[in-house]
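S.K.: sequence? don't have it. structure:
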């Protein structure tokens, strides 16, 4: 009984996969015209190491880290400076109003 | 304090101007190579964050139990800096991890707890901003809670198994890395000192303006 189930499953998989295989064999070999998607890959070939062009470079990540640190600090200093200016402006308005003897 | 600000700012600027040279001259780490140099800003930013946590915690205790407004102003200034330096640590870390570990983020004990600590202090600022009257006392309690949690973040790498390097990497730094690291750490702590002075002066000015308006209202009433 178990053998029948295994064989049946294998047959079912063949039925599902064979048309795909057949389609892959029939796929055009000519280069894909511009603007069209390339044909589906028929197999994956493993390699031991990434070529250097594919390896993640460290320098952009390092530069991004240092740039973010500086941008964050400068942004914070800017927000403090803006708030300080606003308080000083409010203080000047308050003092002017009192010098004219016109409290709100 | 104001007299000290300018010389301190000049010294900090000079140190940060020299920092890239010191970092560039530091040796490469044997497994991580160039990307490990993020370490010279990443760890000092956490050190500045912890300095902020110590100040915020102590000032929150003083404000909660003694009701001193100056302590409250210091606590809120420190909380903003905790969020700033924590954000630097939380962004530089994943940039380092992407190359060193192959992933931007891992939900392991150290990284998750560091993120939660940052969120506690963001909550502190949100309570201050939108909590309405009396929120300053509630925020002080949140500040104390965040301070109480912070040692667990530090020791998390020793308690749980995480992908993050252990705390022992700093005391065991070799000569070539030791100098640039502590140079950058001092520069970050000086920057922290400058920023807390600046932010506290803003809080003092805001308090002075509020007092003037209150006195005016009292006079009119």
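M.R.: Cool, got the structure. The structure presented is a predicted model; accordingly, all values stated were derived computationally and were not measured.

S.K.: Please count neighbours and contacts with C-alpha atoms only from this point.
M.R.: Noted.

S.K.: how close does the residue in chain B positioned nearest to chain A get to residue B:83?
M.R.: Nearest to chain A, among the residues of chain B, is residue B:92, at 4.9 Å (Cα to the nearest Cα). Taking Cα to Cα, to the nearest Å as the measure, residue B:92 falls 14 Å from residue B:83.

S.K.: what does residue B:23 give?
M.R.: 25 Å.

S.K.: same question, residue B:29
M.R.: Applying Cα to Cα to residue B:29 and residue B:83 gives a distance of 29 Å.

S.K.: what sits against the nearest residue in space to residue B:136 that is not next to it in sequence?
M.R.: Nearest non-adjacent residue to residue B:136, counting by Cα to Cα, 6 or more residues apart in numbering or on different chains: residue B:128, 6.0 Å away. For residue B:128, the contacting residues are B:135-136, B:139, by Cα atoms under 8 Å, 6 or more residues apart in numbering or on different chains.

S.K.: what about residue B:128, which SS state?
M.R.: helix (DSSP: H, G, I helix; E, B strand; the rest coil).

S.K.: tell me, what residue is most central in chain B?
M.R.: The residue lying closest to the centre of chain B (Cα atoms, centre = their mean) is residue B:49, at 1.9 Å.

S.K.: residues in chain B within reach of chain A, list them.
M.R.: B:34-35, B:37-38, B:41, B:84, B:88, B:91-92, B:95-96, B:99, B:195, B:198-199, B:202, B:205-206, B:209, B:216 (Cα under 8 Å from any Cα of the partner chain).

S.K.: Mind doing that once more with 6 Å?
M.R.: B:35, B:88, B:92, B:95, B:202 (Cα under 6 Å from any Cα of the partner chain).

S.K.: Quick check: which element contains the third one?
M.R.: With secondary structure defined by DSSP states H and E, residue B:92 is part of helix B:69-100.

S.K.: tell me which strands and helices that helix is in contact with?
M.R.: helix A:58-99, helix B:39-66, helix B:175-220 (3 or more Cα pairs under 6 Å, 6 or more residues apart in numbering or on different chains; DSSP states H and E).

S.K.: No further questions, thank you.
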